[in-house]
Every structure is written in C-alpha cells, then in structure tokens.
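>>> Quick one, fold the following:
(chains A and B)
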Amino acid sequence: MIFNKSNLKKFNVKSFHFKGVVGISIGFVLLQILSYIISPASANFADFANLLKQSAGLGLLAIGQTYVIITGGIDLCLGSIVTLVHVVTIGLMDGKAGNIIPVCMLGLLIGAVAGFLNGLGITKAKIAPFVMTLCTDFILRGLIMVYTKGQPKGTLAEAFRNVGRERVFGSISVSVFVWLFCSCLFIFILYKTVFGKHVRMVGANMECARFSGVNNDRVLISVYTIAGFLAALAAIILTTEMSATSLNLGADYSMDSISAVVIGGTMFSGGIGGVEGTIAGTLVIRLITSLLQKANVVNWGKLIIQSVLILGVVASNSRRKK
Amino acid sequence: MTIFKSFNFFAFLSKKFEQISKKSSITIWILLLIFLIPVAFIVPEFFRLRNLNNVLIQMAPLGMVSIGQTFVILGGGIDMSVGSQISLVSIVASTLMTDSLISMIGVTALCLIMGAFFGYINGLILKVFPIPPLIATLCTGYFFQGVAYALHQTSGGYIPKIYKDVFTASWGLISVPFFLFLLLFIFAYVLLSKKKLGRYVYALGGNAEVLDNIGVKSPEIKIKTYVISGLTSALVGLYLVAKLRSGSSHYGDDYTLLSITAVIVGGTSMAGGIGTLSGTFAGAILVSMLTNVLNNVAFRYNLQSAYYKDIITGLILIIAMIFYRKRTKK
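Numbers count the residues shown, from 1 in each chain, chains lettered A, B, ... in the order given. You can find the predicted model right below:
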C-alpha cells in the first residue's frame, strides 16, 4: 500500500513546525534578556505589558497573514486596509457615542469586502496573489486619499476612547485580550476543524486537495476575507488607543506582519505553519522595533534588520527542505 | 446555415487574431490607438506638439525601467526592488557629485556599476537559494530602501546645473530622455531577438530544464536578467536626479508597480517565456499617457488627479491580468 502509516510519517510536518515555534520562542526570551541587559530599568511588569499592548494590533493582523501564507499566497494590502478603516472610523464617528457600533460594523465590512475581492481575483480571475493584493493596495491607497483629501477629519467618541484607556489587572489593555482570544480561536480553527484542515491541504498541494473534494476557491476566498476582516478589527483596536488620525498608521503593517509570520516558522511554500509561532514572531518584531527606537535608528534600522531576517529564515528553510 | 457559416468565419477570424497576437504585440498597439479616439474628443489639448513631447518625456523613465523588468519577467522572475534601487542610486549620485567633469562622468559610471551590482545580488541570492523571486527581491528592495534612509533622511544633495541641462534638453518632439530610451530600446530589442542571450531568456521563462539539457547554466542567465534590470534602474535614478537636481529616498516608490503594470499590459506573461519588448513600449506609453490625460481632465474640471491615479493604475493591472488570463494558462 502506498498510503500506509510509515510512508506518511516520513514527512513529519508537525515536528518541522514544532522546531520553528520552539526556536522563535527561545529567540524571543533571549532578545528580552538582551533588552533587560541594555536597559535594566525596563525589567518590570509594566514595561512587558506595554510591549504586549504594542503587539496587539500587529498580532491580530498577523493571524490573517498566517492563514494567507499557509495557503501559499501573500497579502500585501493589509496595511492599507488598516489605514482606510482607521480613517473611515474616525471620519464617520463624529464624536457621538451612538455612532460607535454602526461605524465599527461598517469598518469590519470594508475590511471583509476588500479581502473578499482579493480572494475573488485570485481564484476566479487566476491572478497571482501578490499582483492582486498589490493592485488592491494601490486602489485602497487611492481611496484613502479620495476620502480624506489629504486632510483627515473627525473626532472619536469619548466612550470609544475609554475602551482604549481601560486596563485589566492594573496594566494590561483590552486589546491584548482581543488578540489572545482571536489567536486561540484561530489556532483551534486551524488544527481542530475541517476548514483548518482544508486550509493546510490547499497550501500543501492544491491539485491533491481538489482531488480530495476540497472546494479550493471557497477556501481561498474565505482565507483572504478572514485576513481582511482581522486587519479591519486590528484597525479599530488601534484606533481606540489613538487621539488623532494618522495617514501613516498602516504603512509598516504589511511588511511587519509578513516578517512576524515568517520568523514564526510559517513557510512561504505553503502548508506548513501555525498561529502559535506567529504570536512569538509578533513579539520579536515589536521588541526589535522598541530596541531600535531606544537607539533612535528606527526607520532604516528596521527595514534592514527585517529584510535580512526574512531572507535568512526563508533561505535556511529552503536549503533544509532539500 | 449561413448563420453557422458566419459564426465559423468569426471564430476563424478571432483564432487568426489570437495567433497573431501571440507572436507580436499588435493587440496592445491597437488598444492604444482605440484609447486615443475618446481622448481626442475629451481633451483636444492632448495632441498639441508640446504636450505630446511631454508625454514622451514622462514616459521615458518608466519605459527604461520596464525594459529591465521585461527581461526579468520573461525569464520567469520578478523584480520588486527596482523602486528602491532608483531611490538609492539617486541619493548616492546627489551626495557624491561635484562640479568637475571628471566627477560627473565618474559618478555616472559608479552609479551604473552600482545598479549592475544590485541586480547581481538579486540574481546571486536566487542562484544560491531556491526561494521565490518575489520574496527575495521584496527583501532586497526593503534592504536598499533601508540603506537609502540611512544615507539620507530627507531629499537633498547637489547636482551641477550642466548635468541637468544635458539630461533634460529637448527640441520639438525629440528630447534627450526619449532619445536615451529609444537607444536603450533598440539595444535591448537586438539583444532579445537577434542574440543568443535573448533566446536563452525566453527559454529560461518557458522551460528552464531545456537550457540545462543543452549545456547552458540557467542560473547564469537569470543573474544576467537581473543585472540588466539593475542597470536600467540605475539609469533612471540618474535621469531623475538630474531632472530634479536632488536625491531622495522616495523617487522610486511608484516605479515598481508601474513597471510591472507596463510589462503586463504589454502582453508579457507573468509565468515567463511569452512577451515582446514592443508590447512593453506600448504599455509604458499607455500607463504614462493615462497620467497625462488625467492631469488634463482634472485641470479642466478642477479635480485632484493624483488621488485617482493610483486607483486607475490598480484597476488597469487587474483588467490586463484578466484579459491575458486565457493565454497564460496555455
């Protein structure tokens, strides 16, 4: 028999991914210790809680990116979704508490629709994922400019901002709990549900998945829609913690999320990876950012370090696979 | 019966047309002409000699980058780092250049060598590691952008006036940038369709195994395509730095997507192996003409054209991909 147990065990996906997750977690701990050595004053719980708070938005975004990369694609428009939803949320809320829920709903809808259109272009029109999402990125950037005319307006409702000011257990913000909840939810979906299994199958081998009766198009469209939805959720979470509109809010998020996912052990070739590695990856990226901020070289240092990091991880993975 | 016959005739015609358009880039040139008809009615100013010259000048840098990008995409790859290469070259050139003639020539040569070196790095990474070209060039692009930021936070530097005068001189319909583009185009055309290297590039995109079987090292050809792309990017960086007399880490931002758009609209297949340079020529004209027409329309109706430009570029690329979908599937 071809499909006996010993043959299946030869390619042990789980142990491969497990090594990646353990590696990134150890890396995070070492980096954290390094940062304590550099500035001993930051070795307290409040500082760690602050790191968690900074990671929450990126973490949410990176969950969607993880799913997309597991299917063998890439999503380059998440950053623009964040900015668009952010701008629209602030613009339409207009300081009224009654507007909060409809505006948030609209924001989430925008994200989901953008993701849905990505999925549609990739599956039905057979456009390569990065071309499609790059186009969407450009279109969304244009829409942001059309909507704001370069000068974002609007104010947030006080009740909305109070959510961002809320602290549970003294120092942990609400956004961290949203992030953790979503992470657990999507870890569960990836490993314990049929949909999660389909996502991994599509990433591992599309033809094989199709012959096994998986509706590839539906899986891909759902994955991109989820990514867009989570990006919109991240935008709303980030907006609660801000006082003014920023047109650059999402500028770094596409790149940051890709690096968080990749150093978290998810592979570009598809099929291998998971959200649990992405959590550690997100923390590492944010820790590096804060270290660079302390050294005051954030804008160029981050680009160089992230590019070398991604290239290093992807290159070493590609060699190992052979 | 006659209806069926006419159907057959149309099917025959469309099949014939498809065969022609597979070999040459006639579709996109016809599309360009069709596009000109409404333009003639909406903005008659478009056809003034001065404006036509403007279109050609605006198109030149995009055309040059797209030529390099065509080589890479024909070889089955993609170069996402062209924008950052342009920015980095512009910053290096504006930082180093002084008034003396030797410095001008020296810096120009240095920048071209730098561009070739950037391309070589891209190719080398792809040769050593079996990773997707998208990821590799995206990362090197971010790396170059980081270096550019490190050298110069804002725009600045110095370029002698004579350097600008040489690069931006124009007489009637003929201008130095367009002439440069034309020269590069002819050179690239000969390289691609008459020389061995061109055949190898097509083979690399079509079926790299064939190359290995006839004893040509396909990674070497791949490196060469990226080197060509780096050279054209450096040339564009030099042109932009001469035109604006300062360097900035944002000059190249748009060129990555615009060059890919021009190449894809020009009929080159994303999978590699299919496509022509003359199609890229037409694609570059179409993309830059659009900016010009939009500016004209916006001026007339008092709109902000820059806001809509990104949206329309994105839509055009999507439409082009859908339009060429059948062919890329083979």
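>>> going forward, measure contacts and count neighbours with C-alpha atoms only.
OK.
>>> Report the separation between A:F169 and chain B.
A:F169 sits 39 Å away from chain B, going by C-alpha to the nearest C-alpha, to the nearest Å.
>>> residues near A:G277, how many?
The local packing of A:G277 (other C-alpha atoms under 10 Å in any protein chain shown) involves 26 other residues.
>>> give me the element it is part of.
If you go by DSSP states H and E, A:G277 is part of helix A:275-295.
>>> how distant is that helix from the center of its chain?
In terms of C-alpha atoms, centre = their mean, to the nearest Å, the centre of helix A:275-295 is set 13 Å apart from its chain centre.
>>> secondary structure element for the residue lying closest to A:G250 once chain neighbours are set aside?
In space, and not counting its chain neighbours, A:G250 is closest to A:G79: 4.2 Å by C-alpha to C-alpha, 6 or more residues apart in numbering or on different chains. Per DSSP H and E: A:G79 is located in helix A:78-93.
>>> can you pull the contacts of the residue nearest to A:G250?
Listed by C-alpha atoms under 8 Å, 6 or more residues apart in numbering or on different chains, the contact partners of A:G79 are A:231, A:249-254.
>>> Mark which of the residues you listed are part of helices, please.
In this view, those that belong to helices under DSSP state H are A:231, A:253-254.
>>> most surrounded residue in the residues you listed?
The most crowded member of the ones in helices among the contacts of A:G79 is A:A231, carrying 37 neighbours; neighbours defined as other C-alpha under 10 Å.
>>> That one touches A:G64, doesn't it?
Yes: applying C-alpha atoms under 8 Å as the test, A:A231 and A:G64 come out as touching, 7.4 Å apart.
>>> hang on, isn't B:P160 packed against B:L96?
No: judged on C-alpha under 8 Å, B:P160 makes no contact with B:L96 at a distance of 11.2 Å.
>>> re the thing from before, okay, the helix holding A:G79 in PDB with CA atoms only?
Extracted as PDB, the C-alpha positions of helix A:78-93 are listed here (Å, rounded to 0.1, in the frame of the first residue of the first chain):
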ATOM      1  CA  LEU A  78      -3.300  44.600   4.900                       C
ATOM      2  CA  GLY A  79      -1.500  47.900   5.800                       C
ATOM      3  CA  SER A  80      -3.800  49.900   3.500                       C
ATOM      4  CA  ILE A  81      -6.900  48.200   4.900                       C
ATOM      5  CA  VAL A  82      -5.800  49.300   8.400                       C
ATOM      6  CA  THR A  83      -5.300  52.900   7.300                       C
ATOM      7  CA  LEU A  84      -8.600  53.000   5.300                       C
ATOM      8  CA  VAL A  85     -10.700  51.500   8.200                       C
ATOM      9  CA  HIS A  86      -9.000  53.800  10.700                       C
ATOM     10  CA  VAL A  87      -9.700  56.900   8.600                       C
ATOM     11  CA  VAL A  88     -13.300  56.000   7.900                       C
ATOM     12  CA  THR A  89     -13.900  55.100  11.500                       C
ATOM     13  CA  ILE A  90     -12.700  58.400  12.800                       C
ATOM     14  CA  GLY A  91     -14.300  60.300  10.000                       C
ATOM     15  CA  LEU A  92     -17.800  58.900  10.400                       C
ATOM     16  CA  MET A  93     -17.900  58.700  14.200                       C
END
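>>> Moving C-terminal from it, which element do we reach first?
Following the chain from helix A:78-93 toward its C-terminal end, the next helix or strand by DSSP H and E is helix A:100-123.
>>> now what about the following helix or strand past that next one, what contacts it?
Following the chain from helix A:100-123 toward its C-terminal end, the next helix or strand by DSSP H and E is helix A:129-148. Counting by C-alpha under 8 Å, 6+ apart, the neighbours of helix A:129-148 from elsewhere in the structure are A:73-78, A:80-81, A:83-84, A:87-88, A:114, A:118, A:121-122, B:257, B:307-315, B:317-318.
>>> redo that, cut-off 7 Å
A:73-77, A:80-81, A:84, A:118, A:121-122, B:307-308, B:310-311, B:314, B:317-318 (C-alpha atoms under 7 Å, 6 or more residues apart in numbering or on different chains).
>>> residue closest to the middle of chain B?
Chain B has B:S66 as the residue nearest its centroid, 1.2 Å off, counting by C-alpha atoms, centre = their mean.
>>> what mean pLDDT would you report for stretch B:168-176?
Computed over stretch B:168-176, the mean pLDDT rounds to 82.
>>> Compute the first-to-last residue distance for it.
Its first and final residues considered, stretch B:168-176 spans 6 Å by C-alpha to C-alpha, to the nearest Å.
>>> So which bits of that stretch are buried?
The neighbour-count criterion (16 or more other C-alpha atoms under 10 Å in any protein chain shown) identifies B:168, B:170, B:175-176 as the buried residues of stretch B:168-176.
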